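Enquirer: Just the structure for this:
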Amino acid sequence: MSRQSAGEYAARTVPGMSAARIAPRRVADEPAFVLHSYDWSETSLIVEAFTRAHGRVALVAKGAKRPSSGFRPVLLPLQPVRLGYTPARDESADIHTLKSADWAGGHVMPSGEALLSGLYLNELLLRLLARGDPHPVLFDAYAAVVRVLADHQAAALEPVLRSFELVLLREVGLLPSLDVQTLTLAPLRGAQPYVLVPEGGLREAAPSDRVALPGTQWHALQQALDAPEGGFAAVLRACAPVSAELKPLLRTLLQYHCGPALLRTRQLMKDLQSL
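Expert: Residues are numbered from 1 along each chain as shown. Got it, this is the predicted structure:
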């Protein structure tokens with residue numbers, strides 16, 4: 001029975017009940033991370049959360065700003081939580097009502113450079129993910145990165161960020177195939193250097209290109225992304241030896257798709273480095 005026919009059936013069989021008044025099904029115990037929150041009223045917040053089964057969702061956390069609210073110590077960024085919420089009655093609405101939030105445990109809040117890196121990932125998700133579009137593979141990759149950030153593994157910071165950027169671009173359909181040239185579909189030659197550019201995809205490097213990777217490295221990255229087993233760990237292994245070269249290429253591509261305004265977290269990092 002479709003959602004519409006179920007409502008019509010209830011309206012016919014339950015006196016005084018219309019299809020529009022059928023209570024929405026509640027989402028319970030959903031793994032999630034808080035990406036951002038902002039004021040909704042004097043006592044309440046709108047919380048942007050990244051959930052495993054439902055993607056990015058916006059939730060009204062009523063009373064969350066009150067000192068006595070149980071939401072206050074839980075709705076923090078970069079912390080694994082489990083959420084319960086009631087979807088909006090109007091299917092065209094995308095702001096739902098938060099009913100419960102529990103810390104899932106596992107690690108402490110990142111700090112310092114790791115915290116800024118985590119907030120940078122949150123900003124990317126807010127800019128590039130549409131609400132209500134599930135990405136369980138991306139969610140698992142994000143959870144893995146957050147664990148590394150919480151452990152303050154400085155040596156692993158750059159590789160995990162580059163790996164997540166690759167998985168994010170792949171999941172939202174913005175990453176071209178990395179084993180062929182994008183415009184010609186010509187195969188990559190092993191030692192020939194190639195660059196990834198926003199409007200042209202993967203192409204042969206020109207003398208003016210400052211950073212490039214050989215075809216063998218691009219092939220390895222594509223194989224890791226396609227690996228049926230290994231998941232994020234396989235991408236991380238492939239990124240580790242070339243994370244420095246990938247950084248400017250992926251950052252340029254991400255900024256292009258995020259729009260002309262510089263990411264706020266990147267601006268903050270630049271300001272801190274200039275002090």
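
Enquirer: What are the phi and psi values at the spatially most central residue of the chain?
Expert: In the chain, the centroid-proximal residue (CA atoms, centre = their mean) is Leu125; its distance is 3.8 Å. The phi/psi pair for Leu125 (degrees, to the nearest 10) reads phi -60, psi -40.

Enquirer: quick one: low-confidence ranges for this protein?
Expert: Counting by pLDDT under 70, the ranges of the chain that qualify are 1-24, 154, 230, 269-275.

Enquirer: what ranges do the strands span in it?
Expert: Listed in chain order, the strands found in the chain under DSSP state E are 27-39, 45-51, 55-61, 81-86, 95-103, 193-197, 201-204, 213-214.

Enquirer: what comes up buried for stretch 133-152?
Expert: Neighbour counts using 16 or more other CB atoms under 10 Å place His135, Leu138, Phe139, Ala141, Tyr142, Ala143, Ala144, Val145, Val146, Val148, Leu149, Ala150 of stretch 133-152 among the buried residues. Any C-beta I mention is one placed from the backbone N, CA and C, and that applies to glycine too.

Enquirer: Give me the subset of those lying in helices.
Expert: Leu138, Phe139, Ala141, Tyr142, Ala143, Ala144, Val145, Val146, Val148, Leu149, Ala150 (DSSP state H).

Enquirer: Which single one of these is nearest to Thr97?
Expert: Minimum separation from Thr97 among those (CB to CB) is found for Phe139, which lies at 21.9 Å.

Enquirer: For that closest one, which non-adjacent residue is spatially closest?
Expert: Arg52 (4.4 Å; CB to CB, 6 or more residues apart in numbering).

Enquirer: Tell me how many other residues crowd the one you found.
Expert: 18 (other CB atoms under 10 Å).

Enquirer: shouldn't it be in contact with Ala32?
Expert: Yes - contact status for Arg52 versus Ala32: in contact at 7.1 Å, counting by CB atoms under 8 Å.

Enquirer: Spit out the contact partners of the residue lying closest to Arg26 once chain neighbours are set aside.
Expert: Spatial nearest neighbour of Arg26, chain neighbours left out: Thr86 (5.1 Å); criterion: CB to CB, 6+ apart. Listed by CB atoms under 8 Å, 6 or more residues apart in numbering, the contact set of Thr86 reads Pro24, Arg26, Val27, His96, Thr97, Lys99.

Enquirer: hang on, the earlier thing: can I get the ones in helices among the buried residues of stretch 133-152 in TSV with distance to Leu202?
Expert: Listed next are those as TSV, based on distance: CB to CB, whole Å:
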residue	distance to Leu202
Leu138	22
Phe139	27
Ala141	22
Tyr142	25
Ala143	29
Ala144	26
Val145	24
Val146	30
Val148	28
Leu149	29
Ala150	34
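
Enquirer: Gly112: which of those residues is nearest?
Expert: Leu149 (9.9 Å).
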